[in-house]
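# Just a sequence and a predicted model for now, questions to come.
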Amino acid sequence: MKWREQILAAALCVAVLTGCLYVRTARDTSIRYVIGVSLANLREQWRLVLKNELEAEAARYESVRLVILDAAGDSRKQTEDVERLMSFGVDLLIVSPEDVEAVMPVIGKAHEHIPVIVLDRVAEGFDYSLFIGPDNGLIGRQAGEVVLELLREDKKEKGPVLELKTDSFANESRSGDFLKTISDAGVKHRSVYLPDATRDCAEDLLLARPELLKDTAVIFAQNDLMAYGAHLALEKLGIQGIRIVGLDGFSGEGGGLQMVEAGIIDATVTCPTGGSEAVRYAIDIINKESGIPKQIILRSHKIRTDNVSSYQKESERPRERGTVRVGYAQIEEESNWRKASIGSTREAARGADIDLVMEFNVLSIEKQKEQVRKFIAEDMDVIVISPLVAEGWQEILEAARAAHIPVLLIDRMISIDEELYTSYIGADFEEEGRRCARWLLQQTADMPAVSILELRGTDGASPAQGRKDGFESVIAGDDRCRIVHSACGDFNREGGAQIVRDYLAAGGWDIDVIFAHNDEMALGAIEVLKENKIQPGVDVKIISVDGTADALTALRKGEINCVVECNPLLGPELMKAIADLMQGKELPLRIITDEMVFTEDTEEMYFRNRKY
Ligand code: AHR
């Protein structure tokens, strides 16, 4: 028996012995990919839809087989399941954890040997290949916004609202933003916990405690099944006029979308499972394709009667083929990082059927908006923006939306409504800042006090703000660390040099650590330190972000101590996103790049074959 067949035969035995699922045939010799799947449970509707999606996507590929094990809501069993799947010799694991903290250690162990995709929820840290999941905070906020719309329509602005939920990770992580959104608007609310997120539980509870419904204006149930249970209870109690908002928004018989269409519930917020994306990325990962991100955050939608049918049609409509015209509003070439970013985009566009027009804004937001306006007037198929700063985009993005032109944000974020852009591709800047600070705390553990000089990137730019916030959030817990001076160096070499020059001119040198928001500013600072006989990397520790060739050379000379990578090679991921968009696929809300941390301990192989 060939080894592939042996894996499948072994998996089949275990699947039968453990009373769970799957496996197709052990005789199929065309199988090239065996993917082990460990699911938290098959009790909840969301998990069942996830399993169906995984299977449906896998069925599209002749050469893919899934081996699925059900942990039945028990983290100990899930740990054993992962070990068992590993012992079958699967090529890749997909894990949807029951309790992320409990299962993360075995995920980390598995990841030492094979790629692991984690679905739905993940712990901090990066012991996996790829995370795919929703933004629960955003879903909570969207549910809150829908509830506010309904209250306004019914002229019941103060509510009250009744929330039905269970004591689960997902419910709690949405609840915070949901309650904040409605209480900021002055809405009264009450939350009730159910033992299970089922239709029966919700219906029984409301029938047993009808007083919960007294004066209630809206019921928000944290899944569509509970929302349906609430609907049945209201019907039996003969109560009218209470609006119901659910969550999940599945298509098909009995799904949330159909319930909205039929007027059984008033609205739902979609919560995608990521099953199809997981299988697609699994194949790319096994095939060692380039540009695999670290995190895919899926988009959720507010669905009401007025958009439910257009939402369903929209999800399926491929756009016209032929050369795709893309207008890209870039930032000026202020750093080697950006030169690499521009090169990667141009090269990837050449390899795709894409007519790329790239404009540079020379550090002016007004100029950048003008370029976007021009792209709208030229009726580009897609507009790509690396936004210089995060604020000020509302009006122009509304214009792009009115013209039906999708907007992709790349490398930098903006701070407006997620509905005004199609996807963001780039780094998690806060995580970069946290990584810088974690290294600092480790390295200075024996110092009684740590004085920090911060070299900030362009004020108002999302990498500058994110890195600052992430860094400060970690050092906030340590009284020894203090940022004694912080100034903006605009992400360029001269800017970094000038901050150090000014600081030296203002008095003596009392700095233990320089935290530079990018390599260019760190390199500028190093030149001035050397001119002033202060040894960079020794007299003062230097932490920087990007990972450009010059910075890594400085790191290996001991002049920089820690470089947190920020990957500029986003071209392939951008072209893949454009291709998916043209095929009518929905893009993730955020595609977060894979990045590493360089220190003096980093193995030699990681310095080889770098492209920037
Ligand atoms: O937007 C990414 C940041 O901007 C990079 O860290 C920096 O080098 C760039 O210019």
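Yep, that arrived.
# Just the C-alphas of whichever strand or helix holds Leu85, formatted as PDB.
Assigned by DSSP states H and E, Leu85 belongs to helix 75-88. C-alpha atoms of helix 75-88 as PDB (Å, rounded to 0.1, in the frame of the first residue of the first chain):
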ATOM      1  CA  SER A  75     -10.100  20.500  24.800                       C
ATOM      2  CA  ARG A  76      -8.400  17.400  26.100                       C
ATOM      3  CA  LYS A  77      -9.900  15.300  23.300                       C
ATOM      4  CA  GLN A  78      -8.900  18.100  20.800                       C
ATOM      5  CA  THR A  79      -5.300  17.900  21.900                       C
ATOM      6  CA  GLU A  80      -5.400  14.100  21.400                       C
ATOM      7  CA  ASP A  81      -7.100  14.600  18.000                       C
ATOM      8  CA  VAL A  82      -4.300  16.900  16.900                       C
ATOM      9  CA  GLU A  83      -1.700  14.400  18.000                       C
ATOM     10  CA  ARG A  84      -3.600  11.600  16.300                       C
ATOM     11  CA  LEU A  85      -3.800  13.600  13.000                       C
ATOM     12  CA  MET A  86      -0.100  14.300  13.300                       C
ATOM     13  CA  SER A  87       0.600  10.500  13.700                       C
ATOM     14  CA  PHE A  88      -1.300   9.900  10.400                       C
END
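# Next, the contact list for the residue in the stretch 501-612 of the chain positioned nearest to the ligand, please.
Among all residues of the stretch 501-612 of the chain, Asn518 sits closest to the ligand, at 3.7 Å; criterion: CB to the nearest ligand atom. Heads up, the C-betas are built off the backbone N, CA and C, glycines and all. Asn518 is in contact with Ser335, Trp337, Gly457, Pro463, Phe491, Ser544, Val545, Asp546, Cys566, counting by CB atoms under 8 Å, 6 or more residues apart in numbering.
# I'd like the mean pLDDT over the helix holding Leu85, please.
Mean pLDDT, helix 75-88: 93.
# Any buried residues in that helix, and which?
The neighbour-count check on helix 75-88 (16 or more other CB atoms under 10 Å) flags Ser75, Lys77, Gln78, Thr79, Glu80, Asp81, Val82, Arg84, Leu85, Met86, Phe88 as buried.
# Just the pLDDT at Val538, thanks.
Looking at Val538, its pLDDT is 96.
# ok, for it, nearest residue in space, not its chain neighbours?
Gly558 (7.0 Å; CB to CB, 6 or more residues apart in numbering).
# need the contact list for that neighbour.
Listed by CB under 8 Å, 6+ apart, the contact set of Gly558 reads Gly537, Val538, Glu600.
# Also Ile285?
Counted by CB under 8 Å, 6+ apart, Ile285 has contacts Leu92, Pro115, Ile117, Ser129, Leu130, Ile292.
# Look up the residues forming beta bridges with the fifth one.
What that stands for is Leu130. Judged by DSSP bridges, the bridge partners of Leu130 are Ile117.
# Would you agree it is in contact with Glu289?
No: using CB atoms under 8 Å, Leu130 is not in contact with Glu289, being 11.9 Å away.
# More neighbours: which of these two?
Neighbours were counted for Leu130 and for Glu289 using other CB atoms under 10 Å; Leu130 has more, 25 against 12.
# First-to-last residue distance for stretch 208-215?
This stretch, stretch 208-215, spans 17 Å end to end (CA to CA, to the nearest Å).
# how about that stretch: buried residues?
Residues Leu213 are the ones in stretch 208-215 that count as buried (16+ other CB under 10 Å).
# I'd like to check what contacts it. Which residues are they?
By CB under 8 Å, 6+ apart, stretch 208-215 touches Pro160, Leu162, Arg190, Val192, Leu205, Leu206, Leu234, Leu237, Ile239, Ile242.
# can you give me the offset of that stretch from its chain's centre?
Chain-centre distance of stretch 208-215: 39 Å, with CA atoms, centre = their mean, to the nearest Å.
# and Pro160, how many residues sit next to it?
Pro160 is flanked by 16 other residues according to other CB under 10 Å.
# Strands along the stretch 501-612 of the chain, start to end?
With strands called from DSSP state E, counting those that start in this stretch, the stretch 501-612 of the chain shows them at 513-516, 541-546, 562-565, 590-592, 597-599.
# Rebuild the ones you listed as CSV, extending it with distance to Gly252.
Below are the strands of the stretch 501-612 of the chain laid out as CSV (distance: least, CB to CB, whole Å):
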stretch, distance to Gly252
strand 513-516, 51
strand 541-546, 45
strand 562-565, 42
strand 590-592, 27
strand 597-599, 44
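# Between these, which one is closest to Ser38.
Of all those, strand 590-592 sits nearest to Ser38, with 23.1 Å by CB to CB.
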